[in-house]
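Enquirer: Got a predicted model here, sequence first, then my questions.
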Amino acid sequence: MKEKKQNPRKGLSEKEISFISFLELKGRYFFTLQDTKGFFKDANERGVYLHRLRKKERVIKLNKSKYFLIPIKARNSKWSEHPFILIDEIMDGKNYCIVGKTAANYWKLIDQIPFAFEVWNTRRHGTIKVLSNKLVFKKHKLSDLPESTEKEIYGHKFIIATKEESKKWK
């Protein structure tokens, strides 16, 4: 006798669906706590609902006040976002630089796809895994950050080491 597979997706409440659909209609997949103000009575209720959405794998916390919404159209809560966009959103678009093999691969200096995405910044350090991407943050003084340039991918800007700086990492 065949065993029935259980549906891994957990149901969403009416309030969660209205919140997610509002953000999706606005195209706001990266959102802050300010974007949630009209939906919840107070900060406690907001925290409860965001916690539930995180447990149901519909929302990923990027930093203290920024979240990433996994769209409803994502199958089994699996979604992919370009790592450069994730890095820029986590760092709030300032005081960071994508370096190492990641930058060398971006400039086509090496063909090897990087295992981890190395980011030099002024605020945080450590390794985190977001949406199957390993991000390695290394803390440095602002004066120690390599020469960088601002580029755009899928309509989103990010900061990466220049081609000359990336040649050092080859």
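Expert: Arrived safely. Residues are numbered from 1 along each chain as shown.
Enquirer: Could you list the low-pLDDT ranges of this protein?
Expert: For the chain, the stretches with pLDDT under 70 are 1-10, 72-79, 170.
Enquirer: Now do the strands in the chain.
Expert: Taking DSSP state E, the strands of the chain run over residues 30-32, 59-61, 66-69, 96-99, 117-121, 126-130, 133-139, 148-153, 156-161.
Enquirer: Nearest to the spatial middle of the chain, which residue is it?
Expert: The centre of the chain sits closest to residue 86, judged by CA atoms, centre = their mean, with a distance of 3.1 Å.
Enquirer: Quick check: closest non-adjacent residue to that residue.
Expert: Closest residue in space to residue 86, ignoring its immediate chain neighbours: residue 130 at 5.6 Å, by CB to CB, 6 or more residues apart in numbering. Backbone N, C-alpha and C define where each C-beta goes, glycine included.
Enquirer: residues contacting that neighbour?
Expert: Residue 130 sits next to 60, 62, 68, 86, 90 when contact means CB atoms under 8 Å, 6 or more residues apart in numbering.
Enquirer: Could you do residue 162 as well?
Expert: 146, 147, 148, 149.
Enquirer: Out of those, which end up buried?
Expert: Among the contacts of residue 162, the ones that count as buried by 16 or more other CB atoms under 10 Å are 146, 148.
Enquirer: In CSV, list the contacts of residue 162 along with distance to residue 17.
Expert: Listed next are these as CSV, based on distance: CB to CB, whole Å:
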residue, distance to residue 17
146, 45
147, 47
148, 41
149, 42
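Enquirer: Which strand residues bridge the residue nearest to residue 86?
Expert: Beta-bridge partners recorded for residue 130 (DSSP bridges): residue 133.
Enquirer: Give me the neighbour count for residue 31.
Expert: Neighbour count for residue 31, taken as other CB atoms under 10 Å: 19.
Enquirer: Same question for residue 60.
Expert: Residue 60 has 18 neighbouring residues, counting by other CB under 10 Å.
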